[in-house]
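Trainee: I need the structure of the sequence given here:
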Amino acid sequence: MNRRTPPSADRLPGWVARSAAPASSPHARSVAGAAAAASGRSSGQHPAAFSALPTGAGLDSQAVRLAMVQRLVAQGLRHPGVQQAFATVERHRFVDSGLVAQAYEDTSLPIGWGQTISKPSVVARMLELLCADRPARLGRVLEIGTGCGYQAALLSHLCQEVYSMERIRSLHERARENLRPLRLPNVHLIFGDGMAGFPSGAPYAGIVAAAGGQEIPAVWLEQLAVGGRLVAPAELTPGRQSLVVVERTAHGYVRNVLEAVLFVPLKSGVA
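Mentor: Below is the predicted model:
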């Protein structure tokens, strides 16, 4: 396959606006109503990780998940599938026990080995960009940087198949332990160098990366299917990462550079 340098573009067609949802919008009402209903229920059996939380601060993990989704909607999240994924996957299962009280705050948290679990708002933004104007369920998707496995779990609700790569063996094993109880048959964890992508699973309907290099690796673009979309951070100017979206068309690549972001650096090799 020939490599083509992706040209820049002003805007991708049919882009999703980031304006905040008015309180009267259907999505805002539905999520707010669900959160209110959940907060009034008693599950009778709460996760032990929340035992240190004060009453009313989220002992019912469903209530705090729905409250998190409500905040994401207020910040601009529109995609119903992404909303549902965030309402379903329990983020507190993917963080250290000492940090579980912060699991549903909009903050990044350390997961060891110099890595972090990204802020929910950043993950939601990237997944919405990946899924916008696409079929209700994407086909095969490649994730670069499994980390603790949280985003892979979210992707499992949005894609037919998820191939998730991690270069740090200890994190790869941790993600496997985190995901095993969820029994997600469409998630495939791969220990390997994400810089090379995963050609065995290509072509991909989508590629999403949780680390940023100086440019998008050409092999990632080659592994995109025609009509596929890539969402990744990249340091296009020294010291400044930006969120980049690339679409592959029958005629080449269309690139759109979006807002500034801050991710761990993209590295080659395994550790």
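
Trainee: neighbours of Arg248, just the number please.
Mentor: 23 (other Cβ atoms under 10 Å). The way it works is simple: take the backbone N, C-alpha and C, and place the C-beta from them, glycine included.

Trainee: er, Ala210 I mean
Mentor: Other residues near Ala210 come to 25 when the count uses other Cβ under 10 Å.

Trainee: again, but for Thr116
Mentor: By other Cβ under 10 Å, neighbour count at Thr116 equals 17.

Trainee: Name the residues linked to it by a beta bridge.
Mentor: Pro110 (DSSP bridges).

Trainee: ok, now how distant is it from Gln102?
Mentor: 12 Å (Cβ to Cβ, to the nearest Å).

Trainee: all strands in the protein, in order from the N-terminus.
Mentor: Taking DSSP state E as the test, the strands found in the chain are 109-112, 115-117, 138-144, 159-166, 187-191, 204-209, 224-237, 240-249, 252-261.

Trainee: Out of those, the one nearest Cys131 is which?
Mentor: Checking the strands of the chain against Cys131 by Cβ to Cβ gives strand 138-144 as the closest, at 6.4 Å.

Trainee: In that closest one, which residues are buried?
Mentor: Judged by neighbour count (16 or more other Cβ atoms under 10 Å), strand 138-144 contains these buried residues: Leu138, Gly139, Arg140, Val141, Leu142, Glu143, Ile144.

Trainee: cool, stretch 195-206 as well?
Mentor: Under 16+ other Cβ under 10 Å, the buried positions of stretch 195-206 are Met195, Gly197, Phe198, Gly201, Ala202, Pro203, Tyr204, Ala205, Gly206.

Trainee: Need the overlap of contacts for Thr116 and Gln102.
Mentor: Leu109 (Cβ atoms under 8 Å, 6 or more residues apart in numbering).

Trainee: Just the closest of the buried residues of stretch 195-206 to Val123, please.
Mentor: Gly206 (14.2 Å).

Trainee: Sketch out the low-pLDDT regions of the stretch 1-150 of the chain for me.
Mentor: The model of the stretch 1-150 of the chain has pLDDT under 70 over residues 1-60.

Trainee: What segments of it are helices?
Mentor: 26-39, 61-75, 80-88, 120-131, 150-156 (DSSP state H, counting those that start in this stretch).

Trainee: Next, format those helices as a markdown table and append mean neighbour count and distance to Gly269.
Mentor: As requested, these are exported to a markdown table (neighbours: other Cβ atoms under 10 Å; distance: least, Cβ to Cβ, whole Å):
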| stretch | mean neighbour count | distance to Gly269 |
| --- | --- | --- |
| helix 26-39 | 16 | 42 |
| helix 61-75 | 22 | 35 |
| helix 80-88 | 19 | 31 |
| helix 120-131 | 23 | 24 |
| helix 150-156 | 25 | 21 |
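
Trainee: Among these, which comes closest to Ile190?
Mentor: Using Cβ to Cβ, the nearest of the helices of the stretch 1-150 of the chain to Ile190 is helix 150-156, at 10.7 Å.

Trainee: CA atoms only for that closest one, dumped as CSV, please.
Mentor: This file holds the C-alpha atoms of helix 150-156, laid out as CSV (Å, rounded to 0.1, in the frame of the first residue of the first chain):
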residue,chain,number,x,y,z
TYR,A,150,-11.3,1.7,30.9
GLN,A,151,-11.5,3.1,27.4
ALA,A,152,-11.4,-0.5,25.9
ALA,A,153,-14.5,-1.3,28.0
LEU,A,154,-16.3,1.8,26.7
LEU,A,155,-15.3,0.9,23.2
SER,A,156,-16.8,-2.6,23.6
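
Trainee: so which pair among the buried residues of stretch 195-206 is furthest apart in space?
Mentor: Met195 and Ala205 (20.7 Å).

Trainee: re earlier: now the strands of the chain in CSV, with distance to Arg180?
Mentor: Shown next, in CSV, are these (distance: least, Cβ to Cβ, whole Å):
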stretch, distance to Arg180
strand 109-112, 17
strand 115-117, 18
strand 138-144, 17
strand 159-166, 14
strand 187-191, 10
strand 204-209, 22
strand 224-237, 27
strand 240-249, 31
strand 252-261, 30
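
Trainee: Of all those, which one is nearest Arg65?
Mentor: strand 115-117 (15.1 Å).
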